[in-house]
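In: one predicted model, sequence on top.
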Amino acid sequence: MNKKVVILSSFALITTICVAFFLQKNNRKSAIADNELLQQTTKSTTQESSNKIDDLLQSPPATQFIENYGSTKSPPINDLIILNDLLGFYTGIVKYPGSLPTTGNADIVEALQGNNAHRKIFFPPKHSHLSPEGLLLDRWKQPLYFHFISAQNPEIRSAGPDQLFWTDDDLFIK
């Protein structure tokens, strides 16, 4: 009787080991297949996201930002509203902390011109309201001033018609 119990116990142990090995082997194959599927899905999703960003940047609302900036057909404050909306659009697309430079006009223009995480252009390199130094200009061809209240909340200021900052005719938006 003892020999039968030992043989049955040994058989059960061997069966358990074989089943475990089989499951592990199948799980490994399944894990490899799952990993390949995940990589394909990630690649596809990344491409789809990039395409969606491209679509958004080519859509009329995106091009409207730059087409109407500096237009004499609207009040000067509209330029600051357009720019504020463009910065909001930029941060919505780029979506990473610190994506909007807080160091001033030139760095903001550089980010809007493609020096960002997605390498997307939000403002063209040649625009009538860009200085040769790459600064964004107001209607009176003076550089705009950016003061960051927080990392994603700039005050945008134009010197206004007298072309002097901190006077009564300054235009600004928070």
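Out: That came through fine. Numbering: from 1, shown residues only.

In: quick one: the nearest residue to Asn68 once chain neighbours are set aside and Arg119, what's the gap?
Out: Once flanking residues are discounted, Asn68 sits nearest to Ile82: 5.7 Å by Cβ to Cβ, 6 or more residues apart in numbering. Every C-beta, even on glycine, is put in place using the N, C-alpha and C of the backbone. Ile82 sits 23 Å away from Arg119, taking Cβ to Cβ, to the nearest Å as the criterion.

In: so the two - more neighbours on which side?
Out: Ile82 (20 against 8; other Cβ atoms under 10 Å).

In: now the helices for this structure?
Out: Here the chain has its helices, by DSSP state H, at 2-58, 60-68, 77-94, 105-112.

In: return the member of those having the minimum mean pLDDT.
Out: Mean pLDDT across the helices of the chain is lowest at helix 2-58; the value there is a mean of 52.

In: residues of stretch 73-88 that come out buried?
Out: 76, 79-80, 82-84, 86-87 (16 or more other Cβ atoms under 10 Å).

In: mind checking pLDDT for Leu137?
Out: 95.

In: which ones are touching the residue nearest to it when sequence neighbours are not counted?
Out: Closest residue to Leu137 apart from its sequence neighbours, by Cβ to Cβ, 6+ apart: His129 at 4.6 Å. With contact set as Cβ atoms under 8 Å, 6 or more residues apart in numbering, His129 has these partners: 69-70, 136-139, 141.

In: would a markdown table of those residues with neighbour count be doable?
Out: A markdown table is the format used below for the contacts of His129 (neighbours: other Cβ atoms under 10 Å):
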| residue | neighbour count |
| --- | --- |
| Tyr69 | 23 |
| Gly70 | 20 |
| Leu136 | 22 |
| Leu137 | 19 |
| Asp138 | 25 |
| Arg139 | 17 |
| Lys141 | 11 |
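
In: which ones are touching the nearest residue to Ser128 once chain neighbours are set aside?
Out: Of all residues not flanking Ser128 in the chain, Gly70 sits nearest, at 6.2 Å (Cβ to Cβ, 6+ apart). Residues near Gly70 by Cβ under 8 Å, 6+ apart: 79, 128-129, 139.
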